[in-house]
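> Turn this into a model:
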Amino acid sequence: MASKKVDGEGKGKAIANTRMLRSMDRKTRSDTKRDGSSSKLMKIESPEKKKRKTTKAKNVGAAKKKVKKEEVAVKIEKEEEEDDDAAEKEEDDDSDKKKIVIEHCKQCKSFKERANEVKEGLEEAVPGIIVTVNPDKPRRGCFEIREEGGETFISLLAMKRPFTPMKELNMEEVIADIVEKIK
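Numbering: from 1, shown residues only. Now for the predicted structure:
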């Protein structure tokens, strides 16, 4: 692509375009074959190997870092032991309280509505009860109410849309049944 430049005399001269594009710098396979260069890949030293070579010279610094990491690990272990002791004391206080787990699928809002309804009903009916909703990742199509580490009150698993077994439940009756079984 040549552009014209007009001098003061009015004569037009063609000037070569010096603009270089990235695509001009690239070579295709056919270009490299024409040039006679081989198509073998160049071996480049990985940065990990370079790091390994440099760390041999810095062994003294690495030893200090290891000592610091060990000290931090010991501090963390002490804190965890203190937290465990505190948690055990809290568990002793909560041992007389019943713990209920409600597991509901997140696929449809009707699961959440019914789970919240059961949670509120149980907390009103039984004072001092602990109700947790989805402590772990819930299973698909699942609506389950159970006592933690014990009896299962309702278990509807692998339901398909439109979730008729769950929608046919009378939640007030379900809450009443659970309260009777707990007491």
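> From Val179, how far out is Gly141?
26 Å (CB to CB, to the nearest Å). From N, CA and C alone the C-beta is placed, and that goes for glycine too.
> residue contacts, Lys181?
Each residue near Lys181 by CB atoms under 8 Å, 6 or more residues apart in numbering is listed here: 151, 153.
> Does it belong to a helix, a strand or coil?
On the three-state scheme (DSSP: H, G, I helix; E, B strand; the rest coil), Lys181 is labelled helix.
> distance of it from Glu77?
For Lys181 relative to Glu77 (CB to CB), the value is 42 Å.
> and if you look at Val174?
Val174 sits at a distance of 45 Å from Glu77 (criterion: CB to CB).
> give me every residue that touches Arg139.
Counted by CB under 8 Å, 6+ apart, Arg139 has contacts 103, 105, 157-158.
> how many other residues sit next to the closest residue in space to Lys167 that isn't next to it in sequence?
Using CB to CB, 6 or more residues apart in numbering and skipping the chain neighbours, the partner closest in space to Lys167 is Ser110 (6.7 Å). If you count neighbours by other CB atoms under 10 Å, Ser110 ends up with 15.
> Could I get the average pLDDT for the strand or helix carrying Ser110?
Using DSSP states H and E, Ser110 sits in helix 109-125. Taken as a whole, helix 109-125 has an average pLDDT of 92.
> Using neighbour counts, pick out the buried residues of that helix.
The neighbour-count check on helix 109-125 (16 or more other CB atoms under 10 Å) flags 111, 114-115, 118-119, 121-122 as buried.
> helix/strand/coil for Val174?
Three-state assignment for Val174 (three-state DSSP): helix.
> Repeat that for Ser30.
Relying on three-state DSSP, one would call Ser30 helix.
> cool, and Lys137?
Strictly by three-state DSSP, Lys137 counts as coil.
> Could you pull up phi and psi at it?
With angles defined as degrees, to the nearest 10, Lys137 sits at phi -60, psi 130.
> measure it to Thr32 for me?
Using CB to CB, Lys137 is found at 53 Å from Thr32.
> These two: which is more packed in?
In this view Lys137 and Thr32 are compared by other CB under 10 Å, and Thr32 has more residues nearby, 12 against 7.
> How confident was the prediction at that one?
70.
> Then Val6?
So Val6 comes in at 51 (pLDDT).
> go on, the one 4 residues further on?
Looking at Gly10, its pLDDT reads 52.
> Check the one 5 residues further on too.
If you check Ile15, the pLDDT there is 60.
> Check Lys49 too.
For Lys49, the pLDDT comes out at 62.
> hmm, back to that, I'd like to know which elements the helix holding Ser110 is packed against.
The contact analysis (3 or more CB pairs under 8 Å, 6 or more residues apart in numbering; DSSP states H and E) places helix 109-125 against strand 99-104, strand 130-133, strand 143-147, helix 164-167, helix 171-182.
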